[in-house]
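Peer 1: Dropping the sequence and predicted coords here.
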Amino acid sequence: MAELATVQDIAANPKNLQIKELEGPAIVRSLDDVDLAVFSAGLRLQAGLQLQPLEQESIAQKRYAVGLVTLQDKQNDPRIQKLNKLLTDSKVKDFINQKYQGAVLSVF
């Protein structure tokens, strides 16, 4: 289950910043009108934005990593082993790095 933070989760706002929650597409449309926006890498990619993130989750956190899973009795199946080897190949890592330019990080 995804963690969803809201404005109500803000414990203090000593600088009295104006903070608004917006749906993803509205964030993209409002970028010219805000000083700071927080949104997912997926939304950034969908919108075709070339932005430099101020903060990016480190690979070590692997918080939202996607992995290959199988049933325990299938873990030694040669087809599963081959798929795992292909998915973690350096060519896949190179493709991710080139295609997503830091918006998506490989964790293998």
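Peer 2: All right, it came through fine.

Peer 1: where does this structure have low pLDDT?
Peer 2: 1-3, 51-64 (pLDDT under 70).

Peer 1: all strands in it, in order from the N-terminus.
Peer 2: Assigned strands in the chain: none (criterion: DSSP state E).

Peer 1: And the residue nearest the centre of it?
Peer 2: Ala41 (4.7 Å; C-alpha atoms, centre = their mean).

Peer 1: is it true that that one touches Ala103?
Peer 2: Yes. Counting by C-beta atoms under 8 Å, Ala103 is a contact partner of Ala41 at 4.1 Å. For every residue, glycine as well, the C-beta is placed using N, CA and C.

Peer 1: show me where this protein has helices.
Peer 2: 24-30, 41-47, 78-87, 90-100 (DSSP state H).

Peer 1: and the longest one with helix 78-87, angle?
Peer 2: An angle of 50 degrees separates the directions of helix 90-100 and helix 78-87 when computed by axes from the mean of the first three to the mean of the last three C-alpha atoms, to 10 degrees.

Peer 1: Please compute how far helix 90-100 lies from its chain's middle.
Peer 2: The chain centroid and the centroid of helix 90-100 are separated by 15 Å under C-alpha atoms, centre = their mean, to the nearest Å.

Peer 1: Of the helices of the chain, flag the one that's most buried.
Peer 2: Neighbour counts (mean count of other C-beta atoms under 10 Å) averaged over each of these peak at helix 41-47, with a mean of 15.
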